[in-house]
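Asks: predicted model, plus sequence, below.
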Amino acid sequence: MAIAKVLGIETEYGIAGGPDMDPITASSIIVNAYAQQGRTRINWDFHGETPELDARGLPGLTSFAPVVETHLANTVLTNGARLYVDHAHPEYSSPECRSPLEATLFDLAGEEVMRRALVVANETLDQEYAITLYKNNSDGKGNSYGTHENYLVSREVDFSNVIRAMVPHFVSRQIIVGAGKVGSETDHGHDADPAFQLSQRAEFFEEVVGLETTLKRPIINTRDEPHSDAERFRRLHVIIGDANLSQVATFVKLGSTALLLAALEDEGPEGFPSLPRHPVRAVRAYSLDTSLKAVEICEDNLWRSAWDFQDQLWELATAYVNKSGGDAVGDEAEVTMILSQWREMLDGVRDDPEIVADRVDWVAKQRIVNGIRERYDLDAHDAKLRAIDLQYHDLRPEKSLAQRVGLKSLLRVDEVREAVHNAPRTTRAYFRGQCVARYPDQIAAANWDSVVFDLGEGPLQRVPMMDPLRGTAALTEDLLEVSSTADELLQALDR
Amino acid sequence: MAEQERIQKQRTERDADTTQDVNVDATKGDQLKAELDDLLDEIDEVLEENAEEFVRNYVQKGGE
């Protein structure tokens, strides 16, 4: 049986402005602004962070292992998320969620957290230092930052099979979940000189498999840092996605990937389409071709377009759900919605993109870029078109273009507001979030797999949470309700 | 019916169909165009005034 696809998204936001035009300072102001609203003052605990471990069991062979920075603003929210400064960006890592729709909700909650932080921060700053935030992945000048998905995968799945099964999906899914980009910003991108491409991220990928995230970015990242019981679980860390403004795109990105991973666990990699012979070339070439006709030679000597891959993967996922039900990913209604939206988006981008301009970010963006270009008879590389690209991702409601192009909603505003403060009830994020909300003065630190209490006397006490599916509301709500202090909670847990 | 007439009739029918299709499409097309025009007006209103400077000033350090 496939294990529950616990999942979430980490998003590094683009940031501009701030005193000294220093992004690290500006990012710290954003994180501290939110923390100082009184919602959280809990520090992140770095115990158990091992980003240098490689799922292939080898040390990092290519160059440096990633570095954990411990001195920057770093905090845990009552909704179970982590809000911190990562390098030179404010980052929101969503809490662990139990279904793609829930993870979409908590990704939206992250946008709202950033928006609120932005308002609070800018109230304290002179207007000339006002900060702006962008939910995107590149600055158009060759600098990229990430939107990373995480999926719980059984340790029983051999990592070579993850590579075998998932590369086709990761090179091709951009045709429906790419966020779109005006122009190009790498040497090979400039060679093609596109007016517009499907993905923000595609041209930054240089390897098929690897441990890196900032240099020589790989299509499959091998970071083996499960933040849970390593005997039983892997955490597949997916670094190749774009940040989506379309809720449906976020949902389908997570849902399709989770279903394919569940199918891999239950049925092995044999039914998956053959890999492209040159995956890096494929991911770049597909991104550059908005007609979706580009084909790549595969290991079975057939040529496939990105659309062909997605069509075949949709068939595989559908057959899997018909046979096994898809419980590992979500309930029947949600799994049906993943498959139907995925199909509609696929057929739409091929037959009549206008129909899916309310769901597919790149289509929505290209529509307005082309519209303005025609209206003013602009060159393909006009700064105005690049400004549209950038401003599509602007978080400020008065500036956001994504909020104006008619994207469909999956979740209500009141649900998002709720998710800003309250953790999902379905995973250990519930216990973490509740502890932060109920006993803030008695928590020394928290991280993904533990909460550390400081009761004032005696040693710090760590409550481990090595199973993401324990610590749910079903398992801990009663206990939390009757424990008015952390002391009482710990005594009750001991019993 | 003479061969010539039959072809003529088919053509006429086809022409009629085609004409009708164009009409429907034109109406739908006009609607879409009008909607897009309204959207572009709105975008024009909120777009940063100095696009050149706005784009040039947006420089990020890599992340991840």
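Replies: Arrived safely, thanks for sending. Numbering: from 1, shown residues only, chains lettered A, B, ... in the order given.

Asks: so for residue 42, what's the pLDDT?
Replies: Going with chain A. A:I42 carries a pLDDT value of 70.

Asks: actually chain B
Replies: On pLDDT, B:E42 comes in at 96.

Asks: now it: how far from chain A?
Replies: 6 Å (Cβ to the nearest Cβ, to the nearest Å). Quick note: C-beta positions are derived from backbone N, CA and C, even for glycine.

Asks: confirm that that residue sits in a helix.
Replies: Yes: checked against DSSP: H, G, I helix; E, B strand; the rest coil, B:E42 lies within a helix.

Asks: I'd say it and A:V405 touch.
Replies: No: B:E42 lies out of contact with A:V405 (Cβ atoms under 8 Å); the separation is 9.5 Å.

Asks: out of the two, which sits in the more crowded spot?
Replies: With neighbours defined as other Cβ atoms under 10 Å in any protein chain shown, B:E42 and A:V405 compare such that A:V405 has more, 21 against 14.

Asks: what's the following helix or strand after the helix or strand where B:T27 lies?
Replies: Applying DSSP states H and E as the criterion places B:T27 in helix B:3-46. Counting by DSSP H and E, the element after helix B:3-46 in chain order, helix or strand, is helix B:51-57.

Asks: list the helices and strands that next one packs on?
Replies: helix A:383-392 (3 or more Cβ pairs under 8 Å, 6 or more residues apart in numbering or on different chains; DSSP states H and E).

Asks: then the helix it packs on to PDB, C-alphas only?
Replies: Taking Å, rounded to 0.1, in the frame of the first residue of the first chain, the C-alpha atoms of helix A:383-392 are listed here in PDB:
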ATOM      1  CA  ALA A 383      10.900  46.700 -20.700                       C
ATOM      2  CA  LYS A 384       7.100  47.200 -20.400                       C
ATOM      3  CA  LEU A 385       6.600  43.500 -21.100                       C
ATOM      4  CA  ARG A 386       9.200  42.500 -18.600                       C
ATOM      5  CA  ALA A 387       7.500  44.800 -16.100                       C
ATOM      6  CA  ILE A 388       4.200  42.900 -16.700                       C
ATOM      7  CA  ASP A 389       6.000  39.600 -16.100                       C
ATOM      8  CA  LEU A 390       7.400  40.900 -12.800                       C
ATOM      9  CA  GLN A 391       4.200  42.600 -11.600                       C
ATOM     10  CA  TYR A 392       2.100  39.500 -12.300                       C
END
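
Asks: those helices in the stretch 1-150 of chain A, which residues are they?
Replies: Per DSSP state H, counting those that start in this stretch, the stretch 1-150 of chain A carries helices over the ranges A:23-34, A:100-124.

Asks: lowest average pLDDT across those?
Replies: Sorting the helices of the stretch 1-150 of chain A by mean pLDDT places helix A:23-34 lowest, at a mean of 92.

Asks: dump the helices of the stretch 1-150 of chain A into CSV; add mean neighbour count as well.
Replies: Listed next are the helices of the stretch 1-150 of chain A as CSV, based on neighbours: other Cβ atoms under 10 Å in any protein chain shown:
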stretch, mean neighbour count
helix A:23-34, 23
helix A:100-124, 22
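
Asks: elements contacting the helix or strand harbouring A:D308?
Replies: Element membership of A:D308 [criterion: DSSP H and E] is helix A:306-324. Identification of packing neighbours for helix A:306-324 by 3+ Cβ pairs under 8 Å, 6+ apart yields helix A:159-172, helix A:174-177, helix A:247-267, helix A:332-351.
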